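Asker: Sequence first, predicted coordinates after that:
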Amino acid sequence: MKGTIKVSANGRLTKDAELSFAGDQGTPVLKFRLVANLGHGDHEYVEGVNCVVWGKRAEALAPHLSKGQAVHIMGTPKTSSWEGDDGTRRYKTEVTVEDLDFLGGPRADETA
């Protein structure tokens, strides 16, 4: 059975999104991390998700995604692996963002 896994998340950016260019073609790629407080009371904790946007959308969104910005994302997770310097297998999961909605500006304590 072939299926699709979708991730939906609300959170705030931990720092300004980083725009770079990948490959021989110089494809724009925008990376950022969202975090949110989950749970409640003594059981509250912070969880995060790494996000990536590709192509012209990456360039268009880059100036608008700054530290503290609240967004909702929808996308597809992808896990990659590599061998670390110590020989152990490392894993990283990123969500390739397909939809992004702005939920509000930076928190008051994070404005410059």
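Answerer: Right, received. Where do you want to start? Since this is a predicted model, take the numbers as computed values, not measurements.

Asker: ranges for the helices of this protein?
Answerer: Assigned helices in the chain, in chain order: 56-61 (criterion: DSSP state H).

Asker: So which residues of it form strands?
Answerer: For the chain, the strands defined by DSSP state E occupy 7-13, 18-22, 27-38, 45-54, 70-83, 89-104.

Asker: Output the contacting helices and strands for the fourth one.
Answerer: So the one you mean is strand 45-54. strand 7-13, strand 27-38, strand 70-83, strand 89-104 (3 or more C-beta pairs under 8 Å, 6 or more residues apart in numbering; DSSP states H and E). From N, CA and C alone the C-beta is placed, and that goes for glycine too.

Asker: cool, the first one as well?
Answerer: For strand 7-13, the elements it packs on are strand 27-38, strand 45-54, strand 70-83, strand 89-104, judged by 3+ C-beta pairs under 8 Å, 6+ apart.

Asker: on that earlier part again, and of the helices and strands packed on strand 45-54, who's closest to residue 58?
Answerer: strand 27-38 (3.7 Å; C-beta to C-beta).

Asker: Report the buried residues of the closest one.
Answerer: By neighbour count with 16 or more other C-beta atoms under 10 Å, strand 27-38 contains the buried residues 28-30, 32-34.

Asker: residues in contact with the residue most central in space within the chain?
Answerer: The chain has residue 51 as the residue nearest its centroid, 2.2 Å off, counting by C-alpha atoms, centre = their mean. In this structure, residue 51 makes contact with 31-34, 73, 75, 94-95, 97, judged by C-beta atoms under 8 Å, 6 or more residues apart in numbering.

Asker: what's across from it in the sheet?
Answerer: residue 32, residue 95 (DSSP bridges).

Asker: Below-threshold pLDDT in the chain: ranges please.
Answerer: Within the chain, the stretches with pLDDT under 70 are 105-112.

Asker: can we see that at 50?
Answerer: 111-112 (pLDDT under 50).
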